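Peer 1: my questions concern the predicted model and sequence given below.
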Amino acid sequence: MQTQNLFDIFQIPKSGLRPTLHNIVDTIYKDSTLEQGPWIAGGMGRQIVLGENNFADIDIWFNNLKSYEQCVIRLNDTFGNHMYETYTSDNAITYTIGDFKVQLIRRAYYKSLDDVLNNFDFTCCQIAVDRNLTAYGPGIEDAKNYVLKLNKLDRRGFLARYAKYVGYGYTMPNDEFLDIINNEEINYEFDATTLGY
């Protein structure tokens with residue numbers, strides 16, 4: 001009679017790792033390089049800069065479909081029954097892993113981390129996180145100073161994103177804001193599915 005392994009019976013991750021923030025980040029970056037990614041960037045970096053440790057989510061960006069698929073496999077192999085798909089859109093697949101929301105961005109792939117950072121709408125989001133949970137990037141000063149500066153206009157979701165960051169305490173000069181909303185191509189609907197981040 002063949003006996004089953006307890007790891008298989010109870011779907012315990014074979015690595016035995018608990019879904020802590022450090023273990024999740026290590027798994028994301030396993031066997032990766034800065035040049036090839038994947039990369040954690042965006043809101044988590046901003047929150048680290050501000051000394052916050054209750055992260056809204058971990059956004060992961062990729063250079064190609066293969067890297068994306070490998071990351072999903074690594075996370076699943078490592079955290080197994082601690083990983084649940086919670087939301088899917090054209091933009092990303094969101095998983096809950098332990099106490100953390102992990103978003104694997106798939107709306108586009110990027111050649112480099114610089115391409116990822118240059119794609120963010122606001123400069124305060126242009127922050128990456130390394131495997132040691134250290135934040136780096138050109139947006140650190142604006143994040144620290146609660147400055148809301150436009151890097152790249154996203155007409156689809158500008159107002160929703162603007163409202164989100166104003167809610168966090170960020171401010172944009174009124175004349176800059178008025179110039180942006182006077183753009184005839186701005187989407188005035190608050191539809192979260194159009195947001196690219």
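Peer 2: Cool, the structure landed.

Peer 1: so for the chain, the centremost residue is which one?
Peer 2: Central residue of the chain (C-alpha atoms, centre = their mean): Asp59, 1.3 Å from the mean position.

Peer 1: got the phi and psi for the closest residue to Tyr29 other than its chain neighbours?
Peer 2: Take Tyr29 and drop its neighbours on the chain: the residue closest to it by C-beta to C-beta, 6 or more residues apart in numbering is Arg131, 4.3 Å away. For the C-beta atoms, the positions are set from N, CA and C on the backbone; glycine is no exception. Per-residue torsions, Arg131: phi -70, psi -20 (degrees, to the nearest 10).

Peer 1: what about Arg131, how many residues nearby?
Peer 2: For Arg131, the tally of surrounding residues (other C-beta atoms under 10 Å) stands at 14.

Peer 1: next: Asn54.
Peer 2: Count around Asn54 with other C-beta under 10 Å applied: 6.

Peer 1: which neighbouring elements make contact with the lengthiest helix in the chain?
Peer 2: Longest helix in the chain, counting residues (DSSP state H): helix 65-79. Secondary structure elements in contact with helix 65-79, counted by 3 or more C-beta pairs under 8 Å, 6 or more residues apart in numbering; DSSP states H and E, are helix 21-29, strand 92-97, strand 100-105.

Peer 1: ok and the helix or strand following it relative to strand 92-97, angle-wise?
Peer 2: Using DSSP states H and E, the helix or strand that follows helix 65-79 in sequence is strand 83-88. Angle of strand 83-88 versus strand 92-97, following axes from the mean of the first three to the mean of the last three C-alpha atoms, to 10 degrees, is 150 degrees.

Peer 1: fine, thanks again, bye for now.
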